[in-house]
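1. Pasted the sequence and its predicted model underneath.
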Amino acid sequence: MIVIDATNQVLGRLCSEVAKRLLKGEKVIVINAEKSVISGDPKVVIERYREKRQRGNPHHGPFYPRTPAGILKRCVRGMLPRKKPKGREALKRLRVYAGNPENLEGIKITKTKDELLCKYITLEDLCKQI
């Protein structure tokens with residue numbers, strides 16, 4: 001089991017690393033999901049996620065999450081072969097939490113927001129906007 005702290009981590013890089021570890025058979029817990037960041041102009045990012053939320057029929061889907069933990073889990077799901085047995089099993093090994101409910105110690109993954117040269121928005125701010 002590996003615990004990953006998403007604080008100041010770039011969302012796409014974090015999710016790809018998590019997906020790789022899940023496919024290797026590891027159990028992964030991601031904490032502080034609301035503190036991860038999405039690079040790019042905040043207005044454009046908010047508009048893109050708002051379009052995803054409003055797309056389709058509210059009764060028949062596609063359903064898109066509103067919570068930071070749900071958005072992060074959905075991002076990882078997009079990087080897994082979820083329609084195949086190994087992808088379904090991998091997704092079952094993933095736990096995502098907003099905050100740190102069990103006071104776990106997490107490791108950091110490669111690039112952080114401190115290394116970003118462009119604008120960014122945190123997942124928490126994005127969820128407040130959509």
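-> Okay, I see it. Quick caveat: nothing in here was measured; it's all calculated off a predicted structure.
2. G25 versus the residue nearest the centre of the chain, what's the distance?
-> Nearest to the geometric centre of the chain sits L72, at 1.8 Å (C-alpha atoms, centre = their mean). Going from L72 to G25 by C-beta to C-beta, to the nearest Å gives 21 Å. All C-beta atoms are positioned from the backbone trio N, CA, C, and that covers glycine.
3. try Y49
-> 31 Å.
4. Same check on R74?
-> Separation of R74 from G25 (C-beta to C-beta) stands at 22 Å.
5. Please name the bridge partners of V30.
-> Beta-bridge partners of V30, counted by DSSP bridges, are I4, V96.
6. OK, contacts around it?
-> V3, I4, A6, L14, V18, L72, L94, R95, V96, Y97, G106 (C-beta atoms under 8 Å, 6 or more residues apart in numbering).
7. For the closest residue to G99 other than its chain neighbours, grab the count of nearby residues.
-> Nearest non-adjacent residue to G99, counting by C-beta to C-beta, 6 or more residues apart in numbering: N32, 6.5 Å away. Look at N32: counted by other C-beta atoms under 10 Å, it has 23 neighbours.
8. Next up, phi/psi of N32, please.
-> When quoted as degrees, to the nearest 10, the phi and psi of N32 stand at phi 60, psi 50.
9. Which pLDDT does the model give it?
-> Reading off the confidence values, N32 has pLDDT 90.
10. Likewise for C127?
-> Confidence score, pLDDT, at C127: 89.
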